[in-house]
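**Student:** Make a model of this:
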Amino acid sequence: MDAHVVVAEDNVTQAEILSQYLRAEGYRVRVVHDGRSAIEAVRQHRPDLLVLDVMMPKVDGLDVVRILRGESDVPVLMLTARSTEDDLLLGLDLGADDYVTKPYSPRELMARIRTLLRRVQRTGSGTSDVLTVGGLMVDLARHEVRVGDRLVECTASEFRVVATMAAEPGRVFSRAQLLRGMHGLDGFITERTVDAHVMNLRKKIEPMPPKPRYLLTVHRVGYKLVDGTDPRGGR
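**Tutor:** I've put the predicted structure just below:
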């Protein structure tokens, strides 16, 4: 698979080990050792994936995500030694697509990387598969979400969540089902990850996020995507 991966890891030994695993899988790899260099590498080389350590010199990993999300939709997989759920969800809230906690299994990490890259791989067919739910449009080929004429900037994981639900409007999806749609590996991460992505999507697509009209919660079950015609909205 001829994908380009930037590894941003300040520990030289860990960066070298990870780059060896990636090259063994056939990926092109560029390694940087600080947050500022990570930002420049993404800007200059437009990689298919950024593997980003949270604890980085010069610019913290969370700030790297915050800066890049203002200008790029590159998928970001964060490596973090921070073990609390709030810290992990903060990374997702800022726009990271996935995270792996240290110390990690190289096999698990490579599986997560393969899944992220498969998920965002462009079709290359030149055709457009467009899903429409009310005023919400999901273009699978162009990897775009629009509300009316407004383009909505989504991370790769947010896109998979909304695309999964847009394929079957009105269907109630459990968090586990949405995880499988995002990763295909639902045992790796918690269902709170889905809640974080839904919260972020509501901020982006809903006229009034506290009273959503499109992306509704079904109590004790999960979420569903509807056409937004019910003015009462939901939760």
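
**Student:** Specify the beta-bridge partners of Arg28.
**Tutor:** His4 (DSSP bridges).

**Student:** any idea how far Ser37 is from Ala81?
**Tutor:** Per CB to CB, to the nearest Å, Ser37 is found 20 Å from Ala81. C-beta coordinates here come from the backbone N, C-alpha and C atoms, glycine included.

**Student:** Could you do Gln44 as well?
**Tutor:** Using CB to CB, one gets 28 Å for the distance from Gln44 to Ala81.

**Student:** quick one, which of the two is more surrounded?
**Tutor:** The neighbour comparison of Gln44 against Ala81 (other CB atoms under 10 Å) goes to Ala81, with 12 against 9.

**Student:** Would you check that that one makes contact with Lys102?
**Tutor:** Yes - with contact defined as CB atoms under 8 Å, Ala81 counts as touching Lys102 (4.4 Å).

**Student:** domains for the chain, by residue range?
**Tutor:** Residue ranges for the domains of the chain, per automatic domain parsing: 4-120, 130-225.

**Student:** okay if I get those as TSV plus mean pLDDT?
**Tutor:** What follows is the domains of the chain, written out as TSV (pLDDT from 0 to 100):
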stretch	mean pLDDT
domain 4-120	88
domain 130-225	85
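
**Student:** Skipping its backbone neighbours, what lies nearest Ala8 in space?
**Tutor:** Ala38 (3.7 Å; CB to CB, 6 or more residues apart in numbering).

**Student:** that's a strand at that neighbour, yeah?
**Tutor:** No - going by DSSP: H, G, I helix; E, B strand; the rest coil, the assignment for Ala38 is helix, not a strand.

**Student:** what are the ranges of the helices in the chain?
**Tutor:** Using DSSP state H, the helices of the chain run over 12-24, 35-45, 61-68, 85-94, 106-120, 156-166, 175-183, 192-205.

**Student:** In this protein, which residue is most central in space?
**Tutor:** Asp97 (2.5 Å; CA atoms, centre = their mean).

**Student:** quick one: it from Arg118, how far?
**Tutor:** Distance from Asp97 to Arg118, by CB to CB: 13 Å.

**Student:** count of neighbours near the residue nearest to Pro106 when sequence neighbours are not counted?
**Tutor:** Residue nearest to Pro106 in three dimensions, not counting chain neighbours: Tyr21, with 5.5 Å by CB to CB, 6+ apart. When neighbours are defined as other CB under 10 Å, Tyr21 has 15 of them.
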